[in-house]
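Engineer: What would the 3D arrangement of this be:
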Amino acid sequence: MPHKREKRTAAVQIDESLRRVFEEDAEEELPPRLLNLLNQLDQIDAPEVMPAPQRSDGETAQ
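Structural biologist: Numbering: from 1, shown residues only. Reported below is the predicted structural model:
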């Protein structure tokens, strides 16, 4: 059975490896197709959200 220190060391190594992988992904540029889609979404007007109707007891209807 591994000792507490060995478990901690393994956990730290795993944590550092995962951080390194995700940081590399986060720094990569988005593909042009995805950037184009995001730009199209930015130009769409979002509909206004209407508040949920209130019931007679003051609770929100679902």
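
Engineer: distance of residue 29 from residue 44?
Structural biologist: 23 Å (CB to CB, to the nearest Å). Backbone N, C-alpha and C define where each C-beta goes, glycine included.

Engineer: Sorry, slip of the keys, the one I care about is residue 15.
Structural biologist: From residue 15 to residue 44 the distance is 39 Å (CB to CB).

Engineer: So the two - more neighbours on which side?
Structural biologist: residue 15 (10 against 7; other CB atoms under 10 Å).

Engineer: And that one, what's its pLDDT?
Structural biologist: If you check residue 15, the pLDDT there is 93.

Engineer: all numbers from here: first residue = 45
Structural biologist: Got it, first residue is 45 now, which makes that one residue 59.

Engineer: That one: which element?
Structural biologist: Secondary structure assignment for residue 59, by DSSP states H and E: helix 48-71.

Engineer: Tell me which helix or strand comes right after that helix.
Structural biologist: From helix 48-71, the next helix or strand downstream (DSSP H and E) is helix 76-86.

Engineer: which helices and strands sit right next to that following helix?
Structural biologist: If you count contacts as 3 or more CB pairs under 8 Å, 6 or more residues apart in numbering; DSSP states H and E, helix 76-86 packs onto no helix or strand.

Engineer: How far off centre is it?
Structural biologist: 18 Å (CA atoms, centre = their mean, to the nearest Å).

Engineer: Please point out which parts of that helix sit buried.
Structural biologist: When burial is assessed from 16 or more other CB atoms under 10 Å, helix 76-86 yields no buried residues.

Engineer: Just the C-alpha atoms of stretch 69-77, please, in CSV.
Structural biologist: In CSV, the C-alpha atoms belonging to stretch 69-77 read as follows (Å, rounded to 0.1, in the frame of the first residue of the first chain):
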residue,chain,number,x,y,z
ASP,A,69,-4.9,23.9,-25.5
ALA,A,70,-6.0,27.2,-24.1
GLU,A,71,-3.2,29.1,-25.8
GLU,A,72,-3.9,27.6,-29.3
GLU,A,73,-5.8,29.8,-31.7
LEU,A,74,-9.3,28.9,-32.7
PRO,A,75,-9.8,27.5,-36.2
PRO,A,76,-11.1,30.1,-38.7
ARG,A,77,-14.4,28.2,-39.1
